Each structure stands twice: as C-alpha cells, then as structure tokens.
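Peer 1: Based on what follows, work out the 3D shape:
(one chain, ligands or ions: 1)
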Amino acid sequence: MEPQNRHRTIVVMGVSGSGKTTIGKRLAALLELPFEDADAYHPPANIAKMKNGTPLMDEDRWPWLETLNQRMQQWEQGGVLACSALKESYRQLLSKNLSIHWVYLEGSMETLLQRMEARDHFMKPEMLQSQLDTLEPPSYALNVSISNRPEQMVSEIIAKLGTMQSDLGIVGMGVMGRSLAKNALNKGFKVSVYNRSDPKEAHILPNFLKEVPPERVLGFDEWEGFVNSLSQPRRILLMIPAGTAIDAVLETLTPLLAPGDVVMDGGNSHYRETQRRMQNLASHSIDYLGVGVSGGEEGALKGPSMMAGGSETAYKKVSHLLEAMAAKEPNAKPCAALLGPDGAGHFIKTVHNGIEYGEMQLLAELYALLRGLISYEDIRTLFQQWQEGEAQSFLLGLTAEIFSKKEGGSYVLDKVLDVASSKGTGVWSSIAALESGVPASMMVEAVLARHLSGAQGTREVWAKLRPVPKTVKQIAPETLLKAYQWARLVNHLQGLELIQIQSQKENWNVQLSEVLRVWSVGCIIQSKLVQQLQQQLSQHASLWELEWVLAQLPEGLEALQEALQWGLTQQTALPCFSAAWNHSGGLTTINSPANLIQALRDAFGAHTYQRTDRPLDQQFTTNWKDHGA
Ligand code: NAP
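Peer 2: Reported below is the predicted structural model:
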C-alpha cells in the first residue's frame, strides 16, 4: 500500500541542538519524501558572516528564506525541510503559496545543552540563550518534546500528522509479538507496534525499532498515537499473556476504537473468555477474533500456523494479513483459516497444545526407555532415521537435535532439571475432555506426568526402594517405532474427537480436515501423520473407523503391547504409551466391564441400570443383597 496523504510539506523547526536534521531525515525516509537541510541554501555572503562569527540580521535571511520557499514549491509530492524558523515573520515567508505542517521540537535549555554535550557539539550557552530569546513558538505547530528517543519522536509526529497509516498494529513486543511484527514487515506491510511503558522494560521498544527497517514501522508506548497511526478499519493483534492483561488492554483500547475496527487476540486465551470478549466488543460494533498462533518464535517469524475463530465479516478484514504471514503448504496455500465462529479458534489451539503435550510426553517416554541402553549419540541417530520416514515430525527432529547439544564436553540435557510444569492450555484441554465426556486420556496423562515430575522429594525416597529390574531381551527398534506411531495416532484421534464433540455442542461446524490442513505446516505438531490424517479425513467422516486406521490397528497394538511389557520389566513409567494401549485395549473389548460399575452404582445408590435383555429406554433397580430370588 502506498502511504496516504503524500502531498505534504513539513518543516521541522527548533533551535540549534534540538535534532531537526536527525528527525527530519528519519521522517522523510519513513514517508518516502525528499529531505532538505535549510543550512545548505545560505548564500555565500551569509556563510562568510557565520564563519566570522557575525550574527545574521533579518535582511540577511530574506533571500535565503525566499530560496527555501521556492525550493519547497518545486517539491512535487511534498518534502521535509529542517529549518530553525525561529520567528513568525520567517515562517510567513516560508509559507508563501504553501500549506506547511510545522513540527516544533521543543526542549528546555538544560535538555538542549545535555544533548549537544552528548553529541560532542559545542555551543556557547549564551548563543543558545539568544536563540531561545529570539524564538517565537508557533501556536499552530505540532509540538514534540525532545526528551524522547528520535524513533519515538518520529512515530509520534507521523501518528499526529496522520501521514503514514499502518496496515497492522501489534500490541506486546515479547517473543511472539516481535517475531510476528518482523514477519508482517517482511511481507511488505506497514506495522505499528505498542509496548507498555513499564520502566523496567523501557529498552524493549527502542531495541526492537533498531532491529527493523525504519521505513515501515512506527513504535509507541502510548495508546492514542498507536491507534491513530492505523489505517481504518484498524486491525490490531494482541500478543500479550492470556487472562487479566487482555481485559485490561481491551478496557483502555475500546474507547479509542471506531465501529468496524478488528481486534485479534493471538495469545493462548481460554475460548470461553474469547466468547465473552467477543460479545462485549460486539456491543461497541467492534469485531473480535480469537486467533490461536502456533510455531514458537521461529514459526512466528518465518510463518506460523494460525487458527482463527469469529465472524466471517471480521476475518475478511484481516485474512490478507494473516494469510500472507502464515506458513504455506507445498501447494502455497496458507496455513491460516477461519475454522469456526466465536471461540472455535482458541478452542482448537487449546486442543492443538493438548496433542502437543501428548507428543512431547511420548518422546520423553522413548527417552526413558532408551537412555539406559544406548548412548545419546545412538538415540539421536535412531531418531534421525525415523525422521526420514513415516514418523517425521517437527518435534522428533527437534528431539534429535537436543541429543547432540553439548556444553564443555557434556550433554546440556543432563543439566536440565527433570521437573516440567503445566498450566493453561494443557490443563484446559484436559478439563474440556473430562467435561465433554471424550476419553482423551493421553493429554490428561501428559499433564499428570508433569505434575508427578514435581514430586522430587518423594521420588528420591521411593527410588531407593525400587526392585532391581530384570534383564530382558531388548525390543527391536522397528517394534518400538510401530508402538510410537500407533500411540501418536491414538493421541491425534483423541484430540480430533474432542474438537468434533465440542464443535457439535457449540454448533461451530468445524471441518476437521481443514483443522489438519492448518496444522500441516508451521505449527509445533506439524508432521507427516497430520498430513496423512488430513488426506484420510477429507474422504471419510468417522475418525475411529477410518480404513486407514483400522489397517494399522493389529500391528500397532501388538507393538505397543511389547513396548509396554519391556518398559514394565525395566520399571520405566510409561503413562502416555499406557494410555494409548488402554484406549485401544478398551475399544477392542466387546464386553466392557462397565456392567459391574452400573451394578455397583445401583447396589449402593439405587441409581438404576439398563438391561441387555430389555429395551434401552427402560431403567431397572435390583436389591443386590437379597439372594433369595
Ligand atoms: P512474552 O514474551 O512474555 O511477552 C509478553 C508481552 O506482553 C510483553 O511485551 C509484555 O510487556 C506484554 N505484557 C505483559 N503484561 C501486559 C499487560 N498487563 N499489559 C500490556 N502488555 C503486557 O510472551 P509471548 O511468548 O510473546 O506470548 C504472548 C502470547 O502468545 C501468550 O498468550 C502466549 O501464551 C502466546 N503464545 C506464545 C508462544 C511462544 O512460543 N512463546 C507460542 C504461541 C502462543 P513487557 O515487555 O512490558 O513485560
């Protein structure tokens, strides 16, 4: 997009040392306008006088100001002039036949002297004082304090003049916000960024602005300038922690926005909170999208996977941005999409993370099985071999890398504390599974395994009482791979079922094959398995009865059984592999033992039960202790 309102003539004015040239040049570069320094147009007579230290009189300045005015009139699309323009009469001459935007760089004597000292620019305080005495500050100019950093001053000028309008505003210059802003800039968009002005974090915004091309980015630590710098409808992406921070930011931001603007929450928010915020903003006619973003720091920079939830109207306003920034499938289709209304995007991101928990736990369990038998180098080689085939995944590749990382001759992994915490999405996806009655046991077990890792003290006590493991025949690597692949398949099917059931409950009409497509590249759980599942699901509806899944069942289950037996004999805890087996084992059992559960519930609480020899809409109760009949 071309900058708007390019036909602008801007004069940056102020006394010596206020930074007119620095600010003027930067402003001109950002606005793609020519820059001129007024001092370069003094006639030789003036230059000679200045060299001799003779002060210039008004009569000396008229021809110079006349030249400057004519020069500015020649600018075809406007330009930026740095000129002291201290007196009103000078400014009137400069403005002849022109409509000038005056920017006055304002600062106290003390600040001006400090700045000059910092730049090794000597000026006698008396001379500066005489300039300040001569100065007639214009009431019509945009006053900008010189106490801020130059890049912030320029952002403020542009926002207040409304000269450059950004395509996207990003709030939060943390790990993700910074990378997404760079990503958008790399795709050619103009971006405004906001980071709060916490004194402890004061370096964040200037540091970021130093890292990016200045022509297309504006940085703010105040809301009004940030909001005014955005083209309308405004498109704002929040990349801040989920929870109260989002509500606090929305409370400040909402009154500054206009109907039709779009706010996106790109953080890991709970979908119920997204639903609430969406309704609240709808009452102000502001669109709200919950956008799950996955890919970590690198993905956010190079192309993340983006799972949007909200209205089609809102998505259409931002689709060009999200889809340009997102990872691309091999056929160049972007891994960003509107996956459903209201909280669907954030719910799908939550389940994505639940699956991610399961995937990571399976890798940790493989490590637990292998580390006593083979070296880290061999584990890496084994995983790299697997990575060449069907088991390829972003996480497996990353795991192989970890087994190579050394520090001072020893493995860094051995120095990492063996306690993993869990919060947010892992717990939320498990709660959703329990509430919806979906047996997504692997994400739950993965969360619980992390909780258990925290019991360090008890682990030390109990480990001493552990029986000596029996020596067993080693499992063949192919069997272990089959077990791993089957467990991963169960993990993914569990997560997908959770999305399916939630979608039915909420009337979201989520298409699982589209979810898998968005997950196929860019996100943390991207893998060959996700791509295969996507192909399968675009043709079939039923998850657990897909021919492709059923064909793998006998061998997968047998391998899983062998891996578990091996693990048990070695006394290796395998919660996620076990959960995969339990789920598969449960589904391969025609007569489940749940009849005993029903009988017990009826026996102690008269909860009634259904009978296999009677219609299922009838309930029965029995006196289980009366054995007379
Ligand atoms: P981060 O590095 O901790 O950055 C958080 C940003 O939010 C910082 O700029 C911080 O400002 C700002 N912030 C914190 N509290 C705020 C408040 N009350 N008001 C205004 N701004 C506030 O976090 P991140 O990793 O970028 O994550 C951002 C969101 O993306 C989170 O919801 C996270 O769960 C999600 N996410 C992260 C990843 C990842 O790999 N990191 C991946 C996907 C999604 P200060 O600098 O002033 O503290």
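
Peer 1: Residue 169: which element?
Peer 2: Assigned by DSSP states H and E, residue 169 falls within strand 168-171.

Peer 1: what's that strand packed up against?
Peer 2: helix 175-186, strand 191-194, helix 223-228, strand 235-238 (3 or more Cβ pairs under 8 Å, 6 or more residues apart in numbering; DSSP states H and E). To be clear about C-beta, it is placed using only N, CA and C from the backbone, and glycine gets the same treatment.

Peer 1: quick one, what contacts the closest residue to the ligand within the stretch 451-600 of the chain?
Peer 2: The ligand sits closest to residue 524 of the stretch 451-600 of the chain, with a gap of 8.0 Å, by Cβ to the nearest ligand atom. Neighbouring residues of residue 524 by Cβ atoms under 8 Å, 6 or more residues apart in numbering: 294-296, 299, 352, 356, 394-395.

Peer 1: Which of the residues you listed fall within helices?
Peer 2: 296, 299, 352, 356, 394-395 (DSSP state H).

Peer 1: Turn those into a markdown table, including distance to residue 557, pLDDT and neighbour count.
Peer 2: Putting the ones in helices among the contacts of residue 524 into a markdown table (distance: Cβ to Cβ, whole Å; pLDDT from 0 to 100; neighbours: other Cβ atoms under 10 Å) gives the following:
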| residue | distance to residue 557 | pLDDT | neighbour count |
| --- | --- | --- | --- |
| 296 | 33 | 95 | 16 |
| 299 | 34 | 96 | 25 |
| 352 | 26 | 98 | 24 |
| 356 | 24 | 98 | 23 |
| 394 | 26 | 98 | 21 |
| 395 | 23 | 98 | 17 |
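
Peer 1: among these, which are within reach of the ligand?
Peer 2: residue 296 (Cβ under 6 Å from any ligand atom).

Peer 1: who touches residue 212 in this structure?
Peer 2: Applying Cβ under 8 Å, 6+ apart, the residues contacting residue 212 are 181-182, 185.

Peer 1: and it, how far is that from residue 178?
Peer 2: Going from residue 212 to residue 178 by Cβ to Cβ, to the nearest Å gives 9 Å.

Peer 1: Tally up the residues packed near the residue in the stretch 1-150 of the chain that the ligand sits nearest to, please.
Peer 2: Nearest residue of the stretch 1-150 of the chain to the ligand: residue 149, at 16.3 Å (Cβ to the nearest ligand atom). For residue 149, the count of nearby residues is 15 (other Cβ atoms under 10 Å).

Peer 1: Next up, identify which helix or strand the nearest residue to it once chain neighbours are set aside is on.
Peer 2: Take residue 149 and drop its neighbours on the chain: the residue closest to it by Cβ to Cβ, 6 or more residues apart in numbering is residue 206, 5.4 Å away. For residue 206, the host element (DSSP H and E) is helix 204-211.

Peer 1: Same check on residue 515?
Peer 2: helix 512-519.

Peer 1: Over to residue 582?
Peer 2: helix 575-587.

Peer 1: returning to that earlier point: who wins for neighbours among the contacts of residue 212?
Peer 2: Highest neighbour count within the contacts of residue 212: residue 181, with 29 neighbours (other Cβ under 10 Å).

Peer 1: And it, how far from the ligand?
Peer 2: As judged by Cβ to the nearest ligand atom, to the nearest Å, residue 181 and the ligand stand 11 Å apart.

Peer 1: which residues touch that residue?
Peer 2: Residue 181 touches 170, 173, 191, 193, 208, 212, 217, counting by Cβ under 8 Å, 6+ apart.

Peer 1: got it, and residue 312?
Peer 2: residue 338.

Peer 1: Now do the closest residue to residue 517 other than its chain neighbours against residue 335, distance only.
Peer 2: Excluding the flanking residues, the one nearest residue 517 by Cβ to Cβ, 6+ apart is residue 534, at 5.4 Å. From residue 534 across to residue 335, the span is 11 Å (Cβ to Cβ).

Peer 1: Who has more neighbours out of these two?
Peer 2: Each of residue 534 and residue 335 has its neighbours counted (other Cβ under 10 Å); residue 335 has more, 26 against 19.

Peer 1: can you pull the pLDDT of the more buried one?
Peer 2: With respect to pLDDT, residue 335 has a value of 98.

Peer 1: One more: residue 423?
Peer 2: 81.

Peer 1: How many residues are close by it?
Peer 2: 10.

Peer 1: same deal with the one 4 residues further on?
Peer 2: One way to gauge burial is a neighbour count; for residue 427, by other Cβ under 10 Å, it gives 19.

Peer 1: how much space is there between it and the ligand?
Peer 2: 13 Å.

Peer 1: Residue 228 now?
Peer 2: Taken as Cβ to the nearest ligand atom, the span from residue 228 to the ligand is 19 Å.

Peer 1: again with residue 378
Peer 2: For residue 378 relative to the ligand (Cβ to the nearest ligand atom), the value is 30 Å.

Peer 1: and that residue, what helix or strand is that in?
Peer 2: Going by DSSP H and E, residue 378 is part of helix 376-387.

Peer 1: Could you do residue 358 as well?
Peer 2: Assigned by DSSP H and E, residue 358 falls in helix 344-370.

Peer 1: okay, now the domains of the protein?
Peer 2: Here the domain parsing of the chain from automatic domain parsing is 8-152, 165-342, 357-587, 591-629.

Peer 1: Residue ranges in the stretch 451-600 of the chain under the pLDDT threshold?
Peer 2: 472, 539-541 (pLDDT under 70).

Peer 1: rewinding a little: do the helix holding residue 515 and the ligand meet at all?
Peer 2: No. Judged by Cβ under 6 Å from any ligand atom, helix 512-519 stays clear of the ligand, getting no closer than 13.5 Å.

Peer 1: who's in contact with stretch 384-391?
Peer 2: With contact meaning Cβ under 8 Å, 6+ apart, stretch 384-391 is reached by 392-393, 396-397, 400, 481, 484-485, 488, 528-529, 532.

Peer 1: what's the closest non-adjacent residue to the residue of the chain found nearest the ligand?
Peer 2: Relative to the ligand, the nearest point of the chain is residue 174 (1.7 Å; Cβ to the nearest ligand atom). Excluding the flanking residues, the one nearest residue 174 by Cβ to Cβ, 6+ apart is residue 239, at 6.5 Å.

Peer 1: Can you tell me the closest non-neighbouring residue to residue 584?
Peer 2: Using Cβ to Cβ, 6+ apart, the closest residue to residue 584 is residue 557 (5.2 Å).

Peer 1: picking up where we left off before, helices and strands around the helix holding residue 582, which ones?
Peer 2: helix 344-370, helix 441-453, helix 477-506, helix 547-569.

Peer 1: Next secondary structure after it?
Peer 2: Next along from helix 575-587, by DSSP H and E: helix 594-605.

Peer 1: Can you mark which positions in that following helix are buried?
Peer 2: Buried residues in helix 594-605, counted by 16 or more other Cβ atoms under 10 Å: residue 602.

Peer 1: Give me the residues contacting it.
Peer 2: 607-610, 620-622, 624-625.

Peer 1: Can you verify my assumption that residue 543 contacts residue 496?
Peer 2: Yes. Under the criterion of Cβ atoms under 8 Å, residue 543 is in contact with residue 496, at a separation of 5.8 Å.

Peer 1: quick one on the thing from earlier: can you list residues touching both of residue 534 and residue 335?
Peer 2: Taking Cβ under 8 Å, 6+ apart as the contact rule, the neighbours common to residue 534 and residue 335 are 517, 520.

Peer 1: The helix holding residue 378: which residues count as buried?
Peer 2: Neighbour-count burial for helix 376-387 [16+ other Cβ under 10 Å]: 376, 379-380, 382-384, 386-387.

Peer 1: and what of stretch 473-482?
Peer 2: 475, 479-482.

Peer 1: Just send these back as a markdown table, with distance to the ligand too.
Peer 2: A markdown table is the format used below for those (distance: Cβ to the nearest ligand atom, whole Å):
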| residue | distance to the ligand |
| --- | --- |
| 475 | 34 |
| 479 | 34 |
| 480 | 30 |
| 481 | 28 |
| 482 | 31 |
